[in-house]
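1. sharing a model that was predicted from the sequence below.
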Amino acid sequence: YMWFSQFMLIWYANIPEETAWFIARGWGADGVAAWFPISGFLVIVRFVIPFFLLLSRHAKMNTKTLGAAAVIIMVGQLMDLYQLIYPHLYPQQPPCSIDVYAVLFLALGMFFLFISNFMKKFKMIPTGDPNFKASTDFHL
């Protein structure tokens, strides 16, 4: 949604020097659609799947469905960062080398380390709240 809105503003304002950024992420440097499948994947993973997955009220109250949607959205966010950075470094085709995966695993490891340290320091359930039991039992 953000990429489309940004592209529409650039297109409507007729700023051709800004369109090169979108062309590099869609078709690459030599005009071959090397990065275009990743753009389509991002549309599906960041909008279509979460939209239809969380469309019903029952799905939003199911913790497994919410967890699956959260994982899908996080994968989409990581792919979005991948597409934001790597087309400038590798304009011909998406790289599949060890450095890409090393950075990914480093970021995931740091994320889980910070989250686990935070969860050890602070309680995730409020203690002493008189309305907590009623709020957990509430369902529409």
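-> Arrived safely.
2. got a list of contacts for the helix or strand of the chain with the lowest mean pLDDT?
-> When each helix and strand of the chain is scored by mean pLDDT, DSSP states H and E, helix 16-26 comes last, with a mean of 72. Identification of contacts with helix 16-26 by C-beta atoms under 8 Å, 6 or more residues apart in numbering yields 3, 7, 10-11, 33, 35-36, 39, 83, 87-88, 91. Where C-beta positions appear, they are placed from N, C-alpha and C, glycine not excepted.
3. mark which of those are buried, thanks.
-> Using 16 or more other C-beta atoms under 10 Å as the burial test, these include 3, 10, 35, 39, 83, 87 as buried.
4. out of these, who's nearest Leu113?
-> Closest approach to Leu113 among these (C-beta to C-beta): Gln83, at 25.6 Å.
5. phi first, then psi, for Lys97.
-> That one is not Lys; residue 97 is Ser. Dihedral angles of Ser97 (phi, psi; degrees, to the nearest 10) stand at phi -120, psi 180.
6. could I get the pLDDT score of it?
-> Ser97 is assigned a pLDDT of 77 by the prediction.
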